[in-house]
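In: pasting the sequence and the predicted model now:
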Amino acid sequence: MDINEARRTQHLARPEGRVAYDDAGTGPLVVMVPGMGDLRSTYDELRAALLAAGYRVVTTDLRGHGDSDAGFTTHGDEATAGDVAALVEHLGAGPAVLVGNSMGSSAAAVVAADRPELVRGLVLLAPFLRDPQLPGAVRALMPVVYRAMLAAPWGAAAWTAYYRTLNKGSRSPRLDAHTAAIRASLRRPGHLRAFRDLTLALTHAPVEARVPRIQTPTLAVVGALDPDWKDPAAELAWIREATGARALLVEDAGHYPQHQTPEVVAEAVLALLAEVAPTEVAGA
């Protein structure tokens, strides 16, 4: 049986709505958080590898994304970090290894800094631990661009077209199916509006301020072709220096190494897990 078939959506009640997650496997807890405009199924390959290695794997959708509710009025790194911390506490099996991609890595880093008792390891995939350095004129123009791009009725199609461009290098054989699922999710009532609200409010400045407090064993993975950074290798070097992370630059990946080069990412993640949260299966 394909272990991904065992996925069953559950919901965590939060003050303004519900956050969706699935929970499978036994063993040390791993919680995985996707980036903005993405779905928890971005982790399907990594989820399968970790379940096979004997881990309990929980993947969650962001507020206003996927199977989560769209009625939240607050969004961003700190709000998502609150959801992740509440989820780890709700599961009652912490501390957890937190895995985040893009904005999901920002939220995971906030949890590691603010609630270190909940985190035994940190995996940052294409992480935003600070805002990209953009010229002032470009930064001022971004809200205008996002408002136009994410307006109905074309917003869902526009985002998925842009999402595809972030997959530079190797492309997952399920990229078409995954982007179709993202597009369908954004067409749910309220979801496109929630996503637009997130993009307009998002800043990673609160994360950068917390970086010096991160003491958790950390793995940082960056695609060498990631278009979100002018120099991805230099950004990875800064992350390594700032957090003490072990660093992996994936030559043939862009912004989503977890499903562009899943074998490479799984090997690196399992190596960290073997140290911070070993299982009998992984040890064997």
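Out: Perfect, I can see it now.
In: any idea how far Ala70 lies from Arg183?
Out: Using Cβ to Cβ, to the nearest Å, we find Ala70 at a distance of 16 Å from Arg183. To be clear about C-beta, it is placed using only N, CA and C from the backbone, and glycine gets the same treatment.
In: and what of Phe195?
Out: Taking Cβ to Cβ, one finds Phe195 at 12 Å from Arg183.
In: between these two, who's got more neighbours?
Out: Higher neighbour count among Phe195 and Arg183: Phe195, with 26 against 17, using other Cβ atoms under 10 Å.
In: what pLDDT does the more buried one get?
Out: Confidence at Phe195, expressed as pLDDT, is 92.
In: ok, Gly64 next?
Out: pLDDT, Gly64: 95.
In: next, count neighbours for it.
Out: There are 26 residues near Gly64, going by other Cβ under 10 Å.
In: check Val144 too.
Out: Neighbour count of Val144, defined by other Cβ under 10 Å: 9.
In: what separation do you get for it and Leu200?
Out: Shown here: Val144 relative to Leu200, a distance of 10 Å by Cβ to Cβ.
In: in the stretch 51-200 of the chain, where is pLDDT below threshold?
Out: 134-141 (pLDDT under 70).
In: hey, where'd the strands end up in it?
Out: Listed in chain order, the strands of the stretch 51-200 of the chain (DSSP state E, counting those that start in this stretch) span residues 56-60, 96-101, 119-125.
In: winner for burial among those strands?
Out: strand 96-101 (a mean of 29; mean count of other Cβ atoms under 10 Å).
In: that one packs against which elements?
Out: Using 3 or more Cβ pairs under 8 Å, 6 or more residues apart in numbering; DSSP states H and E as the contact test, the elements touching strand 96-101 are strand 29-33, helix 103-114, strand 119-125, helix 262-276.
In: report the set of residues contacting both of Phe195 and Arg183.
Out: Trp159 (Cβ atoms under 8 Å, 6 or more residues apart in numbering).
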